[in-house]
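In: Below: sequence and its predicted model.
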Amino acid sequence: MPFGKRFALIILVLVAVAAAVVFWLLRKPADDWRLLALPDISSQPLSLRIVYARNPRFADLPEAQLQNILQQTSVLMKQHFALDVVFENSNPVYVEELFAQLPEKVKQRRQSAIIDPRNADQADLARMRNELYEQLVSSGNRQQNLIDYARPYLLNGQAVNDIASLSRALIDTHLARLRYWYEDKASDGKPVIDGSPYNQWVWWDSLGYGNLPYDVVITNQLVASMESYDAAMHASLRGGINGGTMSYSRQGRYGGYVFVSVFALLNDTDMLAGLRDAMHYTDEQIVQYAAATLAHELGHLFFHYDH
């Protein structure tokens, strides 16, 4: 082949390879996180596979109450989102069965995000304070409004006078209230947080990366923990207690899955009673609050709404 033709062929090959690389780079995000497309909700009713994941160490949610929660959630979804939602019930599972869905490689990769409140690394705490500070500054709320909202629930609220001191007080409150569960006892006489992984929000946030066959999980498990990412003021005020989350799920009918924890509604520990002004929730309030939480999370699932 004459040199000119060989040179032209080499140039064409290089151009083709370069184009392929550029195409791949444009399609591949800079990191492992990918944007989730909005689900198709044009065909209604929207059917969600639901399961109750129970831990026998804690107060249980009766079946009749669970069904009332689902019925009220359907009403709220119609009222606020104009969506017809129905639930496909599955037999209850133990929380350890649910966690068996977690792939080992996911656990290895995300373990470092978990912060032990009894031995917290100062660098992790500083990162959480900075993240909270940035969130609060960019929230669009007036500084004094944020301080007034948080102060009654902070352990040292009187020392708060700006966003920086508010961020510090939030992390201090988060740590102290989370440590409570390492001392408070469950029905078996062992601490509520007993060394098992079921309280860790990181793992609940990760369940969808396994073979999770549900779109909604309702649990009586306490989900309370501290992580090096996704800090939030309302969670820190409660000592890391998480009432619900919408996360990615590769087997989710609508691209994600939702969990709701009713632990804080069913149990009357000293700390929980203090956070709700010694109020005991009636059966009707438990249904209303759990349904409102579930509807909130389904708003994230179907519309990708922010809070």
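Out: Received it, and whenever you're ready, just let me know what you need. What you see is a predicted model; the values in this text were computed from it and never measured. Numbers count the residues shown, from 1 in each chain.

In: I'd like to know how far Ile50 sits from Phe58.
Out: Distance, Ile50 to Phe58, using C-beta to C-beta, to the nearest Å: 19 Å. Yep, even glycine has a C-beta here, placed from its N, CA and C like the rest.

In: burial of Ile163, as a residue count?
Out: Residues lying near Ile163 (other C-beta atoms under 10 Å) number 18.

In: Identify the residues contacting it.
Out: Tyr133, Leu136, Val137, Gln143, Leu146 (C-beta atoms under 8 Å, 6 or more residues apart in numbering).

In: same thing but 7 Å
Out: Ile163 sits next to Tyr133, Leu136, Val137, Gln143 when contact means C-beta atoms under 7 Å, 6 or more residues apart in numbering.

In: out of those residues, who's nearest Met246?
Out: Within the contacts of Ile163, proximity to Met246 (C-beta to C-beta) peaks at Leu136, which comes in at 22.4 Å.

In: For the closest one, grab the count of nearby residues.
Out: Burial of Leu136, expressed as a neighbour count using other C-beta under 10 Å, amounts to 19.

In: same question, Val160
Out: With other C-beta under 10 Å as criterion, Val160 counts 20.

In: List the residues that contact it.
Out: Val160 touches Ile147, Arg151, Leu154, Leu166, Ala169, counting by C-beta under 7 Å, 6+ apart.

In: And the residues you listed, which is closest to Leu294?
Out: Among these, Leu154 lies closest to Leu294 (C-beta to C-beta), at 28.4 Å.

In: Low-confidence bits of this protein, can you list those?
Out: Flagging of the chain using pLDDT under 70 yields the residue ranges 1-34.

In: same thing but at 90, please
Out: For the chain, the stretches with pLDDT under 90 are 1-37, 101, 121, 124, 139-140, 156-159, 228-231, 274-279, 306-307.

In: tell me the strands in it, going along the chain?
Out: In the chain, the strands defined using DSSP state E lie at 46-54, 85-89, 93-94, 216-219, 244-248, 256-261.

In: Dump those strands into a markdown table; add distance to His280 and mean neighbour count as well.
Out: A markdown table is the format used below for these (distance: least, C-beta to C-beta, whole Å; neighbours: other C-beta atoms under 10 Å):
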| stretch | distance to His280 | mean neighbour count |
| --- | --- | --- |
| strand 46-54 | 22 | 20 |
| strand 85-89 | 28 | 17 |
| strand 93-94 | 27 | 15 |
| strand 216-219 | 21 | 25 |
| strand 244-248 | 21 | 21 |
| strand 256-261 | 18 | 26 |
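
In: Save those strands as CSV, and put in distance to Glu284 too.
Out: What follows is the strands of the chain, written out as CSV (distance: least, C-beta to C-beta, whole Å):
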stretch, distance to Glu284
strand 46-54, 19
strand 85-89, 20
strand 93-94, 27
strand 216-219, 17
strand 244-248, 19
strand 256-261, 17
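
In: Now do the same contact list for the residue nearest to the spatial centre of the chain.
Out: Closest to where the C-alpha atoms of the chain average out (C-alpha atoms, centre = their mean) is Thr245, at 3.4 Å. Counting by C-beta under 7 Å, 6+ apart, Thr245 touches Trp204, Asp205, Phe259, Glu297.
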